[in-house]
Structure formats: C-alpha cells, structure tokens
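Trainee: fold the following, please.
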Amino acid sequence: MTDERLFIVTYDISDAKRWRRVFKVMHGYGEWLQLSVFQCRLTRRRRAELETRLRELVRNGEDHVLLIDVGPADRIELAVESIGKTFAKIERRATVI
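Mentor: Numbering: from 1, shown residues only. Okay, the predicted model is just below:
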C-alpha cells in the first residue's frame, strides 16, 4: 500500500508568463491531461512541495488553482469521459522521490 493520493490540478492564470511558469512546475509533479489540467499522484510531502511552489507563482485575486483530492492512488482508477477529441489514458507508474 502506498501513501500516494490522486489529485486533479486545474488552474486559471491571468498572465501568460505566469501561466507558462505554472505549466512547467506542473510537469514536474504530474501528467498533463489537457490545457491547464494535470493528474498527479502525490505523497503528502510532494503535495506540500507543489502547493508551496504554486503559492510562489500565483497572484491572489488574479489567478485560481484547484487541487482536487480524488483519493488513495492505489485504490483509485480514474474514470474520464471524453467528448470531442480522443482521451489518452495515463498509465500508472512508479513515483520518483
């Protein structure tokens, strides 16, 4: 059993330069699903690191980030319904700490 939890992280950043910075940070923590949406399998420590990094980039009152805790990563099989473009399912993989 792992202590990882599955998170969906989505964001609305008002400035293009900040948006690119957030996008780059997110690539280090999860898998890109679509524009401004990531799937992340995070330990408690990695989640705290991600939150700290995002708080350094995001401007209160201008930007918005949602971290949606879906549940324990080893017991959740994310079900995504896609309308329009084909959705490529992201396979589970080991987390590098």
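Trainee: from now on I want contacts and neighbour counts done on CA atoms only, so please keep to that.
Mentor: Will do.
Trainee: quick one, longest helix in the chain?
Mentor: Within the chain, and with DSSP state H defining each element, the longest helix by residue count is helix 44-57.
Trainee: wait, a helix at Phe23?
Mentor: Yes: counting by DSSP: H, G, I helix; E, B strand; the rest coil, one finds Phe23 located in a helix.
Trainee: which positions in the longest helix of the chain come out as buried?
Mentor: Of the residues in helix 44-57, those with enough neighbours to count as buried (16 or more other Cα atoms under 10 Å) are Arg47, Leu50, Leu54.
Trainee: again with stretch 74-86
Mentor: Neighbour-count burial for stretch 74-86, with 16+ other Cα under 10 Å as criterion, is recorded at no position.
Trainee: got a pLDDT number for Ile90?
Mentor: We have a pLDDT of 55 for Ile90.
Trainee: also the one 3 residues further on?
Mentor: What the model reports for Arg93 is a pLDDT of 51.
Trainee: chain center to the longest helix of the chain, what's the gap?
Mentor: Between the centre of helix 44-57 and the centre of its chain there are 11 Å (Cα atoms, centre = their mean, to the nearest Å).
Trainee: quick check: neighbours of the next helix or strand after it in the sheet, parallel or antiparallel?
Mentor: Of the helices and strands lying after helix 44-57 in sequence (DSSP states H and E), the nearest is strand 64-72. On the basis of DSSP bridges, the sheet neighbours of strand 64-72 come out as strand 5-12 (antiparallel).
Trainee: residues near Thr10, how many?
Mentor: As a burial measure, the neighbour count of Thr10 was computed by other Cα atoms under 10 Å and equals 19.
Trainee: residues contacting the closest residue to Asp69 other than its chain neighbours?
Mentor: Using Cα to Cα, 6 or more residues apart in numbering and skipping residues adjacent in sequence, the residue nearest Asp69 is Phe7, 4.6 Å away. In this structure, Phe7 makes contact with Gln39, Cys40, Arg41, Leu42, Leu67, Ile68, Asp69, Val70, Gly71, judged by Cα atoms under 8 Å, 6 or more residues apart in numbering.
Trainee: hang on, Ser36 packs against Ala16?
Mentor: No: assessed by Cα atoms under 8 Å, Ser36 is found out of contact with Ala16, at 12.0 Å.
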